[in-house]
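Enquirer: sequence first, then the predicted structure, then my questions.
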Amino acid sequence: MGQQTLEQQQQQQPHHQQPQQHPESSECESPSQAQQDVQVDATTDFDLDRVGRQRPAVFSSTLEEVMFCGSILISMLMSEYFVSGFNIILPGLAGALDIPKNSQTWPSSVFSLVTGSFLLPFGRLADMYGAYFIFTGGLVWMCIWCLIGGFSQNYQMLIVTRALAGLGPAAFLPTGLMLLGKTYRPGPRKNLVFSLYSAFAPLGFFIGIILGGVTGEYLSWRWWFFIGTIILFVTSLMAYLTIPNDRHQAVANHGGAKMDYFGLFTIVPAIILITFAITTGGSAPNGWRTPYIPVTFVIGMLFLCAAIYLEGWVAEQPLLPKDLFAAKYMKRFTLALFFAYGVFGIFLFYASLHIEAFMGASTLQTATWFAPMAGGGIVLATIGGFTLHKLSGRVLLMISGGGCLASVLLFALIPDHANYWAFVFPAMLGATIGVDITYLVSNVFITTNVPAHMQGTAGALINSLVFIGISFFLGLADLAVAESEGTFDGENHRVAFWFAVACAACSLLLFCLIDPGKAESELTLEERMEAGLEPKKETSASGSESSNPEPEYE
């Protein structure tokens, strides 16, 4: 199964899955031609609805499809598991390995920092050589380094293993989206799969917290690593057995794509240095007055300026090609997602801190208070999978933006000795509505409107917005808290929440200006181009043309 190529499997595709084209003949100029066109279009719509619901022909059985999806869904879960749970085991781990207080943030943040920095290069590798080896290799790599991390003898070893483990999600997160986007046609089945994929993020976050609390209290912090390693090993085996080997197809279709070394050696250090300065500036000994903070930030900005110049005017094949942003609303969508994920990062960090440090909840109680996020994600996945193709994308984005705003607004207004059901519970529901719907709609919209040979880059962009957005805005919130004049922790936390409210309002405003349409069964981008049914180009205010993601066939 894992060794069968996509080329061989696609030959098994039923004929009705191919875009129907009515023959063009110079001899047929009669008025009845229009009636024939209408008849063909109606048949096409019927077939598209049917194939948008059925199991893709690349799977020989339902079990194979379940294992294929399971490996990708669990990979998302484990990326969240190794982020959230580490903060729970950190106090006990710091005591066991004698980690200095001013170094305790590094083992926690270096994992996400490395992941977010290397997503784009791995996305390009997936476009060049296919998703099979990059995805399975990322899982195996992370499994190995998490196992070694469980045997760490000092905090230097722990930091190195966490940093190297971060390369795993950088490889399998964009390729996971790539595999789902290329395997499933636009339609209800794709919506259901992407709904589940979105739900596994908060589920993994919650499982990481729970197992972190259980292993830290009843076992050892090492078992948190070992349990994660076991799950990663099983997931790697599932991926090896069920994911089609698409290397030959990728090499044949990528059109001579090459690694952009200009971008690799400018974008990656720019992201690392700028993110480090922003996230560390608030906790540095003298804040931003600490010499290495402004130096790091300035060097990072120089790398960023170099990246903008080289990617825009020198690089032959930039890591973020302009074609990726050709679809209508794409630039606006990217900015809105950057704000939305930043708000979610602030909420996760400061809500857990406020609940445990200011409201007096224990570690396990704090974990259970986050349970509505996991439960809400599963419910939203179930509902979204069956209704996404019937609902307006703009309405869904506005609902998600409203949930995101409500989650941080409730914590900004939370009084002393607040009731859990009046403030914390609805805030958790708002957070899961915000992040799950946003992630779902953005995944479906972007993967549907990006050609197959750029799916890896698209997946890298989506996940880069998550990791970099969380780190960037959380660093700004930390800086705002550090500069505040609050006299106690609860008041300082509210500074971060009010900052998040402002960012959530910006995200909601941008969502109101985006209309991705409904996620209905339709032709893929390649089928539209092959059939000569390319989307019309709309002229913007600047006179340039942009593609319309809602197909208007000529």
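Expert: Noted; the coordinates are in hand.
Enquirer: what segments of the stretch 251-400 of the chain are helices?
Expert: Counting by DSSP state H, counting those that start in this stretch, the stretch 251-400 of the chain has helices at residues 261-281, 292-309, 330-353, 363-369, 371-387, 393-413.
Enquirer: could I get the ones you listed as JSON lines with distance to residue 235?
Expert: For glycine as for every other residue, the C-beta is placed from the backbone atoms N, C-alpha and C. Written out in JSON lines, the entries for these read as follows (distance: least, CB to CB, whole Å):
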{"stretch": "helix 261-281", "distance to residue 235": "27"}
{"stretch": "helix 292-309", "distance to residue 235": "34"}
{"stretch": "helix 330-353", "distance to residue 235": "24"}
{"stretch": "helix 363-369", "distance to residue 235": "23"}
{"stretch": "helix 371-387", "distance to residue 235": "19"}
{"stretch": "helix 393-413", "distance to residue 235": "28"}
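Enquirer: make TSV from the ones you listed and add distance to residue 440 and mean neighbour count to it.
Expert: Rendered in TSV, the data for the helices of the stretch 251-400 of the chain read as follows (distance: least, CB to CB, whole Å; neighbours: other CB atoms under 10 Å):
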stretch	distance to residue 440	mean neighbour count
helix 261-281	26	21
helix 292-309	30	16
helix 330-353	12	23
helix 363-369	24	18
helix 371-387	6	19
helix 393-413	8	22
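Enquirer: and the residue nearest to residue 97 when sequence neighbours are not counted, how many neighbours?
Expert: Leaving out its chain neighbours, the residue that sits closest to residue 97 by CB to CB, 6 or more residues apart in numbering is residue 155, at 4.8 Å. For residue 155, the neighbour count with other CB atoms under 10 Å is 19.
Enquirer: residue 98 is in contact with residue 155, correct?
Expert: Yes: with the criterion set as CB atoms under 8 Å, residue 155 and residue 98 qualify as a contacting pair; they are 7.2 Å apart.
Enquirer: how does this structure divide into domains?
Expert: Domain ranges of the chain: 62-260+316-527, 261-315, per automatic domain parsing.
Enquirer: for residue 53, which of those is the nearest?
Expert: Counting by CB to CB, residue 53 lies closest to domain 62-260+316-527 out of the domains of the chain; the figure is 5.3 Å.
Enquirer: avg pLDDT for the closest one?
Expert: Per-residue pLDDT values over domain 62-260+316-527 give a mean of 84.
Enquirer: centre of the chain to that domain, how far?
Expert: The chain centre lies 5 Å from the centre of domain 62-260+316-527; the measure is CA atoms, centre = their mean, to the nearest Å.
Enquirer: so which of the domains of the chain comes closest to residue 50?
Expert: Closest of the domains of the chain to residue 50 is domain 62-260+316-527, at 8.1 Å (criterion: CB to CB).
Enquirer: deepest in the core, which of the domains of the chain is it.
Expert: Neighbour counts averaged per stretch over these are highest for domain 62-260+316-527, at a mean of 21; criterion: mean count of other CB atoms under 10 Å.
Enquirer: circling back to that earlier point, okay if I get the domains of the chain as a markdown table plus distance to residue 55?
Expert: As requested, the domains of the chain are exported to a markdown table (distance: least, CB to CB, whole Å):
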| stretch | distance to residue 55 |
| --- | --- |
| domain 62-260+316-527 | 6 |
| domain 261-315 | 38 |
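Enquirer: wait, which of these is closest to residue 54?
Expert: With CB to CB as the measure, domain 62-260+316-527 is the member of these nearest residue 54 (7.1 Å).
Enquirer: I'd assumed residue 321 was in contact with residue 454.
Expert: Yes: counting by CB under 8 Å, residue 454 touches residue 321, with 7.2 Å between them.
Enquirer: measure residue 512 to residue 464 for me?
Expert: Between residue 512 and residue 464 the distance, using CB to CB, to the nearest Å, works out to 24 Å.
Enquirer: make that residue 387, sorry
Expert: Distance of residue 387 to residue 464, given as CB to CB: 29 Å.
Enquirer: residue 434: which of the helices of the stretch 251-400 of the chain is closest?
Expert: With CB to CB as the yardstick, what comes closest out of these is helix 393-413 (3.1 Å).
Enquirer: immediately after the closest one, which helix or strand?
Expert: Helices and strands here follow DSSP states H and E; after helix 393-413, the next one along the chain is helix 425-448.
Enquirer: what is whichever helix or strand comes after that following helix packed up against?
Expert: Once helix 425-448 ends, the next helix or strand along the chain (criterion: DSSP H and E) is helix 455-483. With contacts taken as 3 or more CB pairs under 8 Å, 6 or more residues apart in numbering; DSSP states H and E, helix 455-483 sits against helix 105-129, helix 131-149, helix 167-183, helix 261-281, helix 330-353, helix 425-448, helix 489-512.
Enquirer: dump the ones you listed to JSON lines, plus distance to residue 376.
Expert: Rendered in JSON lines, the data for the helices and strands packed on helix 455-483 read as follows (distance: least, CB to CB, whole Å):
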{"stretch": "helix 105-129", "distance to residue 376": "23"}
{"stretch": "helix 131-149", "distance to residue 376": "27"}
{"stretch": "helix 167-183", "distance to residue 376": "22"}
{"stretch": "helix 261-281", "distance to residue 376": "28"}
{"stretch": "helix 330-353", "distance to residue 376": "13"}
{"stretch": "helix 425-448", "distance to residue 376": "4"}
{"stretch": "helix 489-512", "distance to residue 376": "18"}
